[in-house]
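K.L.:
Predicted model and sequence follow; I will ask about them next.
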Amino acid sequence: MHKINNLATVIDAEITSNRKVGAYHHIAFSVGNMAAHVRPGNFVALSVGGPGASTVLRRAFAIYRSTHLGNNQGQIELVIAPHGQGSSWVASRAVGEKVSMIGPLGTSFGIPSEPARALLVGGGYGSAPLFGLSEVLKSRGCRVDMVLGASTAMKIYAPLEGKRSVNSLTVTTEDGSAGTQGRVSDVIPALIDENAIDVIYSCGPMGMLEAITEIARTKGIVHQCAVEESMACGIGVCMTCVLPVKGDDGVVRMLRSCIDGPVMDGESVQWQAKRTIPEGTWGGI
Amino acid sequence: MHKINNLATVIDAEITSNRKVGAYHHIAFSVGNMAAHVRPGNFVALSVGGPGASTVLRRAFAIYRSTHLGNNQGQIELVIAPHGQGSSWVASRAVGEKVSMIGPLGTSFGIPSEPARALLVGGGYGSAPLFGLSEVLKSRGCRVDMVLGASTAMKIYAPLEGKRSVNSLTVTTEDGSAGTQGRVSDVIPALIDENAIDVIYSCGPMGMLEAITEIARTKGIVHQCAVEESMACGIGVCMTCVLPVKGDDGVVRMLRSCIDGPVMDGESVQWQAKRTIPEGTWGGI
Amino acid sequence: MFDFSTTLGSSRFDNPILTASGCAGSGKELSQFFPLASLGGIVTKSIMLKPRSGRATPRMAETPSGMLNSIGLQGPGIDLFLENDIPWLQTQGVRIVISIAGETVEDYAVLARKVRGVSGVAALEVNISCPNVENRGQVFACHPETARAAIEAVRRNVGGDFPIIAKLSPDVTDIAGIATEVVSAGADGLALINTVLGMVIDTSTMRPKLAGKTGGLSGPAIRPVAVRAIYQVHQALPHVSILGMGGVSNGQDALQLILAGASAVSVGTATFGNPLAAVTIKSELEAILINKGFNSTAEAVGYAHRAD
Amino acid sequence: MFDFSTTLGSSRFDNPILTASGCAGSGKELSQFFPLASLGGIVTKSIMLKPRSGRATPRMAETPSGMLNSIGLQGPGIDLFLENDIPWLQTQGVRIVISIAGETVEDYAVLARKVRGVSGVAALEVNISCPNVENRGQVFACHPETARAAIEAVRRNVGGDFPIIAKLSPDVTDIAGIATEVVSAGADGLALINTVLGMVIDTSTMRPKLAGKTGGLSGPAIRPVAVRAIYQVHQALPHVSILGMGGVSNGQDALQLILAGASAVSVGTATFGNPLAAVTIKSELEAILINKGFNSTAEAVGYAHRAD
Ligand SMILES: Cc1cc2nc3c(=O)[nH]c(=O)nc-3n(C[C@H](O)[C@H](O)[C@H](O)COP(=O)(O)OP(=O)(O)OC[C@H]3O[C@@H](n4cnc5c(N)ncnc54)[C@H](O)[C@@H]3O)c2cc1C
Ligand SMILES: Cc1cc2nc3c(=O)[nH]c(=O)nc-3n(C[C@H](O)[C@H](O)[C@H](O)COP(=O)(O)OP(=O)(O)OC[C@H]3O[C@@H](n4cnc5c(N)ncnc54)[C@H](O)[C@@H]3O)c2cc1C
Ligand SMILES: Cc1cc2nc3c(=O)[nH]c(=O)nc-3n(C[C@H](O)[C@H](O)[C@H](O)COP(=O)(O)O)c2cc1C
Ligand SMILES: Cc1cc2nc3c(=O)[nH]c(=O)nc-3n(C[C@H](O)[C@H](O)[C@H](O)COP(=O)(O)O)c2cc1C
Ligand code: FES
Ligand code: FES
């Protein structure tokens, strides 16, 4: 993984398009120079609710795509699932409205120095950052296979141009309304073998990332995942977004997912910790 | 004064027009049957801020005009000064949006049983409820003279149709940008004498109402005023909006201005109390 | 069949949503918007021995997701209240909880005697968040001894089986300690929480906005404080019924308080924003409880304390 | 010329806006958005004797106009902190206030000794809202004796002229009493207020949302509590400087705290919503003070207490 993107700025980003796509809203923002610094896996933090809102915290959203045309003309696109107060507010903004945006934030996916065979796995809106990643990987000569999973067809986010950028696309839904019925973890082992995968990139619910980590460990391949912990600030100052991660020295530390993540090495994350501090964690009691 | 209007209902009122007029917004709402029950001096209480707002209380607005066309087709018009969070939010609503409205609330101006000579005095947006009152008075054969005052011309609310409904209109502004330079209280004594006024109706800042009360007392004429105390509920359940008022029995009581007002007998209000409980008040200590 | 009813001490209520003291007038004002009998009960505004003007205005200031009030217990006094307000409420078919407030321990005793005989009263809520004039104006609820003295006075005078609910202030170091004290003094239930002491300074006048300087903070802003207080007290005294309140404005909020340990929930400030708040919250809560598979309100009370 | 500077104890700050402990990381993270030296000072995250993992996640829950946190004082421990974080801050030209937190009175003593010699430190903020492991985990700040003991230990070990600011918890019956106690124990100033204890119950899991169950409530929701606490303490101890905090998100909010009696203001939760909050608040406050005709920050401190 690449280290934290420290070119983040705070801007008022104007919405240039807002389209409903399945269960999601695909929203484009005019962001000036911010787009120039985006790397795949980075995220932005948006203010929600407008003036006088009772929501005091930002919401993090993975960057789906960023386009920089030079001359301060950049665009960042997000894929938003209207869920609670914050995301629903963003999803219902009209073209022309401005939203306060901080970005680009966090670590990005590491790109192999040699052409490799990559499997990209996305759950729900977790597919968003994978298309930009896919483009970069392809441009470096990698083979890219993709698996997208969700509970139901409406929650599979796979735009046409995205599909075109991958060598193969496998879809799974829990209700069988699109692709194979089941979960992404049901189809990944076979895909790894068939395509002689070297590295897995993933983004989605924590349970999915945990399952993929287990598969990657069994198969002995590298797994980079973008985690999603509840974040109050997104910029590393509050310490709410931590999770236990084993370092190269073998010591487990509580790391901030907004600064040491969201992209992390799957195997180093201590998934089993759930609502506990794993025994032996640095500074634990 | 007439007693509290107990036909109040809670509705979602759709905005049918929103025009900027001087310093104010003139906003019309489609209100169904609510309009049928409005009497001059009544007010409505609007929710402000929309879902997720940090403002938990309603804001009261005097009814400028209500029109009932039968068949559940009614309209209520308000004149709103964008001041703080709540009023600015209402003023910036677009046609077609809905706002939760409770009304009609409060007491209304008492109409003389015999044709009388009335002076209507409004300060700032306080002119709003006077035009509806003027129409009723005229329809009962009263003569209506009107004085409107404000700090500056932009804050005089006097629409054309309103002006037409009165026999004479005097304007005062503190900066002299319209009408006579000065305050309403500077011109009222002469107008009372000239027009042999029997009754004064007023609405505006508390300081103005106090000054008019003094004039009315000196001249020995009746003065009904619509007071404006800070209201949390508008429906009589919170006791925040009280002010000390002397009853017919000579006893001063803390009365709710949302239920025993906003229209009150000027002379009975203990204006001098300011941030105190006047000595001798019922239950005082 | 889902059983929505609940109990506070020995009193049963058809459903667990009540009004909060001081936030529903005399009941009459709200009855214009919905039949009072559709609520679990009406808690009346705290009534004192004598007529009381309350504090000077301004009495309120809006704050982020809340408000301050300093009404100062304005009211007609117990005699006029029993003469004018109670008879009307008795005709409404609604369970009545009378809230009383005193300035001395003796006040509480006298109030209890006056209320004892009134028919149709489901419980007595004893507001002890009042300044004790015999003790430098310190609030009864803030010290174990004075809290105990007030409740003992009520218990002695009201008779053995009449449900007493002691309403506590959150402005204390150890609310579970105060709760334990008043329960041992004879309270059957606890009302949690009264408002949190706050102040707003008006930046134009550069003085406290309220004439009384400080006021009580209520509304959604204090909901996390209410949930915490209810959770702590339920943990300490799992068998004592709690009437919860503080920032409840929808069914999910009411559920939070119930899961923390409240057997019933009072709706206060939310009524100012929406006169129909209490009935709406009642319907929402019922739907949520059924949807989650509870068979009764009782099953949900304190459910957040269950072992893993 | 308007004098924006202020003092806390014997320390002078160019302007009265500081960060709040635990809300500005190590300073480095914020310096990406503005030069730290533009603030009156940086208050560092409370540091303990040993490295500390903090609490398990979830550690936060958003609440109406606020949030709960239960970080549990995660940090590298005093030695690594002095080795890694302080040297960088010293290069930034910003006044540094080090916040320390202990689990025992002895911890506070040792921390004070370790910090004593550090150059460029303007003051020590002593966070006593920590569980006292020697006394059933009761929070130091909640009892006069333990609050006094912690501050005395710091004063004894830090030397006579180093400004000590005791940070108090609002979760007490009598905050002015605690303030009086810690001042007599050697505190030069008071930081008011730490977070208010709260809880959110997740209505899907039907358990407390935070892994640590309770958490500290911060943000605009608690501002009225902060203003009240500052007002009460300034009234009781008009000559003791107060570093105010609690829900400040714009210049008007900061002014409220200053009028109530704060000589300087820390910005916490607002930074999470806007990394530039503190500098923006600083500019707004300066403009407001000038506009109102004050000649200095000092003139405005406690101005809401003036006689009519
Ligand atoms: C790195 C990162 C990338 C994300 N990318 C996307 C994306 O591309 N598209 C998208 O739709 N959403 C994304 N999310 C989730 C998004 O930030 C919001 O958490 C989500 O939209 C719910 O917020 P809400 O206000 O609608 O819901 P609410 O439930 O009202 O949120 C309440 C609070 O809880 C927090 N919260 C609750 N659950 C979670 C959770 N599982 N993860 C994080 N925070 C939580 C929120 O931050 C918020 O403060 C991402 C989150 C993170 C951390
Ligand atoms: C009976 C009545 C009739 C009114 N009629 C009109 C009208 O026709 N047009 C109009 O523009 N405004 C009217 N107002 C004032 C209006 O209700 C709001 O108080 C005003 O718009 C300011 O609210 P805000 O949210 O914009 O400002 P904010 O200052 O943000 O309001 C904050 C809080 O303070 C209260 N408040 C502060 N000052 C006052 C005050 N002087 N009077 C009442 N409440 C106060 C508000 O209710 C609110 O809760 C009327 C008020 C009352 C009581
Ligand atoms: C305007 C107002 C008046 C109140 N009056 C009383 C009262 O007389 N007696 C009492 O015990 N509590 C009183 N309270 C406190 C409420 O009953 C309730 O405990 C508190 O407001 C928290 O609930 P809420 O957030 O739902 O309003 C009052 C609260 C408000 C806002
Ligand atoms: C995430 C978070 C972490 C905090 N950590 C500390 C801390 O380590 N030490 C401390 O004294 N206060 C800590 N606080 C309290 C703040 O310094 C401040 O007193 C409180 O949040 C009120 O200010 P605010 O409303 O501006 O945030 C923390 C607050 C938050 C929100
Ligand atoms: S979200 Fe604040 S440190 Fe990561
Ligand atoms: S505004 Fe609530 S009683 Fe009048």
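P.N.:
Nice, I can see it. Ligands and ions are numbered 1, 2, ... in the order given.
K.L.:
in its sheet, what does the one helix or strand A:A118 maps to sit against?
P.N.:
Assigned by DSSP states H and E, A:A118 falls within strand A:117-123. Note on strand A:117-123: by DSSP bridges, its sheet partners are strand A:143-150 (parallel), strand A:199-203 (parallel).
K.L.:
Show me what the helix or strand immediately after that strand in the chain is in contact with.
P.N.:
Following strand A:117-123 in sequence order, the next helix or strand is helix A:128-139 (DSSP H and E). With contacts defined as Cβ atoms under 8 Å, 6 or more residues apart in numbering or on different chains, helix A:128-139 is touched by A:38, A:40-43, A:62-66, A:78-79, A:109, A:111-112, A:116, A:118, A:120-122, A:144, A:146, A:157, A:159, A:161-162, A:165-166, A:201, A:203, A:226. (C-beta placed from N, C-alpha, C; glycine too.)
K.L.:
Next, give phi and psi for residue 11.
P.N.:
No chain in the question, so chain A it is. Per-residue torsions, A:I11: phi -130, psi 160 (degrees, to the nearest 10).
K.L.:
please go with chain C instead
P.N.:
Per-residue torsions, C:S11: phi -100, psi 140 (degrees, to the nearest 10).
K.L.:
How about A:R275?
P.N.:
Torsion angles, degrees, to the nearest 10, at A:R275: phi 60, psi 20.
K.L.:
count of residues packed around the spatially closest residue to it that is not a sequence neighbour?
P.N.:
Among residues not flanking A:R275 along the chain, D:A211 sits closest, at 4.3 Å (Cβ to Cβ, 6 or more residues apart in numbering or on different chains). Burial of D:A211 is recorded as 19 neighbouring residues (other Cβ atoms under 10 Å in any protein chain shown).
K.L.:
Please list all residues in contact with D:A211.
P.N.:
By Cβ under 8 Å, 6+ apart, the contact set of D:A211 is A:275-276, D:55-59, D:70.
K.L.:
and C:D3, what are its bridge partners?
P.N.:
C:D3 has these beta-bridge partners by DSSP bridges: C:S296.
K.L.:
which residues does it contact?
P.N.:
By Cβ under 8 Å, 6+ apart, the residues touching C:D3 are C:295-298.
K.L.:
just the buried members of the residues you listed?
P.N.:
Listed as buried from the contacts of C:D3 are C:T297; burial here means 16 or more other Cβ atoms under 10 Å in any protein chain shown.
K.L.:
on that earlier part again, mind checking which of the contacts of helix A:128-139 are buried?
P.N.:
Buried among these (16+ other Cβ under 10 Å): A:38, A:40-43, A:62-66, A:78-79, A:109, A:111, A:116, A:118, A:120-122, A:144, A:146, A:157, A:159, A:162, A:165-166, A:201, A:203, A:226.
K.L.:
My guess is A:G110 contacts A:Q224. True?
P.N.:
Yes - using Cβ atoms under 8 Å, A:G110 makes contact with A:Q224 at a distance of 6.2 Å.
K.L.:
So which of the two has more stuff around it?
P.N.:
A:Q224 (23 against 17).
K.L.:
what about that one, which helix or strand?
P.N.:
strand A:222-226.
K.L.:
And the helix or strand just after that strand, how far out from the chain middle?
P.N.:
Using DSSP H and E, the helix or strand that follows strand A:222-226 towards the C-terminus is strand A:242-246. From the chain centre to the centre of strand A:242-246 is a distance of 18 Å (Cα atoms, centre = their mean, to the nearest Å).
K.L.:
and C:F272, what does it touch?
P.N.:
If you count contacts by Cβ under 8 Å, 6+ apart, C:F272 has them with B:56-58, B:232-233, B:237-238, C:23, C:67.
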